[in-house]
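Colleague: mind looking at a prediction? Sequence and model below.
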Amino acid sequence: MLIAGTYSLFGQHEVRGVVVDIQGKPIEYVNVVAMQQPDSIFVSGCVTDARGNFRFDSLPSECYLRFSSIGYQAQNIKASEQMRVVLQEEPQKLAEVSVIARSIKERPGGYTMSMQNNPLTQGKKVMQVLELLPHIHLEEGKVTILDRSVEAIYVDGLRIQDQRELENLPVEHIARIEVDYTSSVREGASATGGVLRIYLKEQAKAEWSMNLGSETLYMPAYGWRGGSLDNYLSVRWNKLTLRNAMEAGKQLYLSDEETSITDKTRGLIQHSFDEFRNWTTSFSNRLSVSYQIAPKHLVASSLLYRYQLETPKHTLTDLLHDNNSFLYQRNPIHLWQWLNTYKWSVSPKTTLSLFTDVLSRHLELTTTDQKPYIYNGSSAQQTHMYRLKTMLERQLKNGAKFTFGSDLQWLKQHEKTVGFVKTDMSSSMSSLFSTFASRVGSLQYELGLRVQTNTIQVVQAERTYNYNYTSLYPSLSAMYLIDKKYNHLLRVNVSRVMGSIPYSAISGYRQYNGSYHYSIGNPNLSTPIGAQAMALLSIWGKLNLSLGVLHYKSPIYFERKIDSDQEETTYTVPMNGRYQTLGIASLEWQHKITKWWNIKTSAMLRSHSADAGVLVRNQVGSVFRHNSMFTFTPSFSAGLRLMYEPTYRYLDRTMEAVGSISVDVYKTLLKGKMDIRFNSTIYRKERSAITSKEQFVHHYHNLTRSPSFSLSISYRLGSGTKIKALEETKALQLYQKIEDAK
């Protein structure tokens, strides 16, 4: 009824056009801002492409457009369906303007960062750029938002399978990055972390561009660690855009770990050293195609194939009895993913979207070991996933927006093993969700509601386990502009969530990661249900304070036990606890020290309480990070990263301090066509942990000598010409675009 009732509201129309200079040449990077009369309320904004083109899919009646670009006279023109705008030149000198570039647009649930001419992109890979954004960090090469793992990453609306796909995405192809601090009801009830949405620049018609790259890795203590080759191609013919990302390489993953276990009741002691080496050969290719069927219809499809051959080897040395054991695995993995999206602009105010996701993964695992009582055999695991998602978005009066959608997902996993129990798993997830977003004065808010049903069936050793759970998951996100002049903002987010159960936590298959330790699942696990609340305060657009609480009932924790049949062997099994509460407070400061030095410094404090195997109260931990970016010249830059995490307690474990120091250097050659990047981890202290239980004490030390170096080279090719801004005003483009959009 809500959707039907909105069709009677006043109409909107599509606006498109081109911006040229007095000689008729198109002008790139012109800022176009749509304002609604009579009170000049900001409606939307965009930037012209390499052909000078701009486009708004839906603008209210009685709008005018403001066209501005440093070096040209600004113009205000009433919006019409087809426009041709001529800008007059008005050069300025850099010395006359103080530039404070801030290219962030704030939203109730996060922010949008413009990458157009953004100095952050110079000499960086995508992962390095992300780490410079507010509230984003890298942990073990993985993206975190507000110190939690990212929930999903989308590139032009298509969800990628692995974060490694970002490694060969050229930064210069990115138009903007949207960051959601927490997942909305659109992502699923089990989604708690943030979401990244990356939007690429539109390739100019009849033009193509290509990036060729290579990288090699070296560790002084271990030698050459492998390398990779990648290729990124973007082509556009009229209404058809094709992008292809290919990567191939071979890399060594390694670790040296010392472990000791003292059994208090039986007096047994185990002391071993595990040398892990895994040469991994990989190949992946993602082909993405989009086609504008008609002005109101767009289809896009993306096909990914990835092959990965892992050959992990464990050489385990018994330090007490001076003997060795050897474990070897050969694990080929084949993965296919087919993504599709269709968008239909039903009217200037209504958009219908359809998304499908089909995934197939085949894993073969073969394990051999010298010890007769350790598992020797093979396992074949086949996984199929199908997902269908629909969404209807409706623009309402005064900038309000209503969204309604459905989300269906089916997953089947079949596992054949030799020597252990056979496992078949199937699950389904069905849901309906809706959101309503609006504003009242300086307050913007979004209300969400999701109803979701989860079913799981696990068949192991001729026994069937069934699970069915249905519930409501509401959410609220709000942003209040405290002071527009000084850019003081306050955000709050509250939502109900459902914890997910990994299939590896249910499976009965024993996964060995050493001759004396394995992991096994628990088919009787129940799903954790929780709530999360978050508040973020931004002051002057530079100082960010965040407070968050995540509380779960029946949390899943992993308990280490001694195998009663093998006294020297321990295993890890997932269990349900009573509750778990995690509180996080962080302070982050971003500042431009000089015209060539930018910094990002943060401190995070967390408090943990739980009844999960052991009862703990207010276990406190902290992390300190610092990033410095030095831009010496337009073709030469460098960076410095520091991280330190003091010793802290987690449940019955003592996690000893870790830290790292890394640097990177960037240089452009051959008139901007070639980039050379040098990255080095100068120092890194690896993790050590002590687990104290009533029956035994477990000591773990990661002795990997981690200093490492990598060298990467990329080369750009392409056709067509690039429109250049006036030389004396080029560096001011970003500042003016943001100022006009405020």
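Modeller: Now that the structure is in, tell me what you want to look at. In this text, all values refer to a predicted model and were calculated from it rather than measured experimentally.
Colleague: going forward, measure contacts between C-alpha atoms and count neighbours the same way
Modeller: Fine.
Colleague: how about the helices of this protein, start to end?
Modeller: Secondary structure of the chain by DSSP state H: the helices cover 2-5, 126-131, 733-741.
Colleague: what's the mean pLDDT across the last one?
Modeller: When you say that, I think you mean helix 733-741. Per-residue pLDDT values over helix 733-741 give a mean of 41.
Colleague: check the second one too.
Modeller: Taken as a whole, helix 126-131 has a mean pLDDT of 83.
Colleague: how far away from the center of its chain is it?
Modeller: In terms of C-alpha atoms, centre = their mean, to the nearest Å, the centre of helix 126-131 is set 10 Å apart from its chain centre.
Colleague: buried ones in that helix?
Modeller: By neighbour count, with 16 or more other C-alpha atoms under 10 Å as the criterion, the buried positions of helix 126-131 are 126-131.
Colleague: how about stretch 234-254?
Modeller: Result for stretch 234-254 [16+ other C-alpha under 10 Å]: buried residues 234-236, 240-252, 254.
Colleague: quick check: the farthest pair among the buried residues of helix 126-131?
Modeller: Val126 and Glu131 (8.8 Å; C-alpha to C-alpha).
Colleague: shaky segments in the stretch 251-400 of the chain?
Modeller: For the stretch 251-400 of the chain, applying pLDDT under 70 flags the ranges 368-377.
Colleague: now with 50, please.
Modeller: For the stretch 251-400 of the chain, the stretches flagged by pLDDT under 50 are 372-373.
Colleague: quick one, strands of it?
Modeller: Counting by DSSP state E, counting those that start in this stretch, the stretch 251-400 of the chain has strands at residues 269-294, 297-318, 323-347, 350-369, 377-395.
Colleague: got these as CSV, with mean neighbour count and distance to Ser538 columns?
Modeller: Output for the strands of the stretch 251-400 of the chain, formatted as CSV (neighbours: other C-alpha atoms under 10 Å; distance: least, C-alpha to C-alpha, whole Å):
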stretch, mean neighbour count, distance to Ser538
strand 269-294, 18, 38
strand 297-318, 19, 37
strand 323-347, 18, 35
strand 350-369, 18, 33
strand 377-395, 18, 28
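Colleague: export those to JSON lines and tack on distance to Tyr181?
Modeller: Formatted as JSON lines, the strands of the stretch 251-400 of the chain follow (distance: least, C-alpha to C-alpha, whole Å):
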{"stretch": "strand 269-294", "distance to Tyr181": "27"}
{"stretch": "strand 297-318", "distance to Tyr181": "26"}
{"stretch": "strand 323-347", "distance to Tyr181": "24"}
{"stretch": "strand 350-369", "distance to Tyr181": "23"}
{"stretch": "strand 377-395", "distance to Tyr181": "21"}
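Colleague: and of those, who's closest to Ala191?
Modeller: Of these, nearest to Ala191 by C-alpha to C-alpha is strand 377-395, at 15.7 Å.
Colleague: now do the closest one against strand 323-347, angle only.
Modeller: Here strand 377-395 runs at an angle of 20 degrees relative to strand 323-347 (axes from the mean of the first three to the mean of the last three C-alpha atoms, to 10 degrees).
Colleague: C-alpha coordinates for strand 377-395, PDB please?
Modeller: Output in PDB follows, covering the C-alpha atoms of strand 377-395 (Å, rounded to 0.1, in the frame of the first residue of the first chain):
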ATOM      1  CA  GLY A 377      43.000 -40.300   3.400                       C
ATOM      2  CA  SER A 378      41.200 -37.900   1.200                       C
ATOM      3  CA  SER A 379      38.100 -35.800   1.200                       C
ATOM      4  CA  ALA A 380      36.100 -34.200  -1.700                       C
ATOM      5  CA  GLN A 381      33.800 -31.300  -0.800                       C
ATOM      6  CA  GLN A 382      31.300 -29.900  -3.300                       C
ATOM      7  CA  THR A 383      29.400 -26.600  -2.500                       C
ATOM      8  CA  HIS A 384      26.600 -25.000  -4.500                       C
ATOM      9  CA  MET A 385      25.000 -21.700  -3.700                       C
ATOM     10  CA  TYR A 386      22.100 -19.900  -5.400                       C
ATOM     11  CA  ARG A 387      20.800 -16.500  -4.400                       C
ATOM     12  CA  LEU A 388      18.000 -14.300  -5.800                       C
ATOM     13  CA  LYS A 389      17.500 -10.700  -4.500                       C
ATOM     14  CA  THR A 390      14.900  -8.100  -5.600                       C
ATOM     15  CA  MET A 391      14.700  -4.500  -4.500                       C
ATOM     16  CA  LEU A 392      12.300  -1.700  -5.300                       C
ATOM     17  CA  GLU A 393      13.400   1.900  -4.500                       C
ATOM     18  CA  ARG A 394      11.000   4.800  -4.500                       C
ATOM     19  CA  GLN A 395      11.800   8.500  -4.100                       C
END
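Colleague: can you list the strands that it pairs with?
Modeller: Sheet pairing of strand 377-395 (DSSP bridges) gives strand 350-369 (antiparallel), strand 401-417 (antiparallel).
Colleague: low-confidence stretches in the stretch 601-742 of the chain?
Modeller: The stretch 601-742 of the chain contains residues with pLDDT under 50 at 720-742.
Colleague: can we see that at 80?
Modeller: Low-confidence segments of the stretch 601-742 of the chain, defined by pLDDT under 80: 613, 634, 671-672, 694, 719-742.
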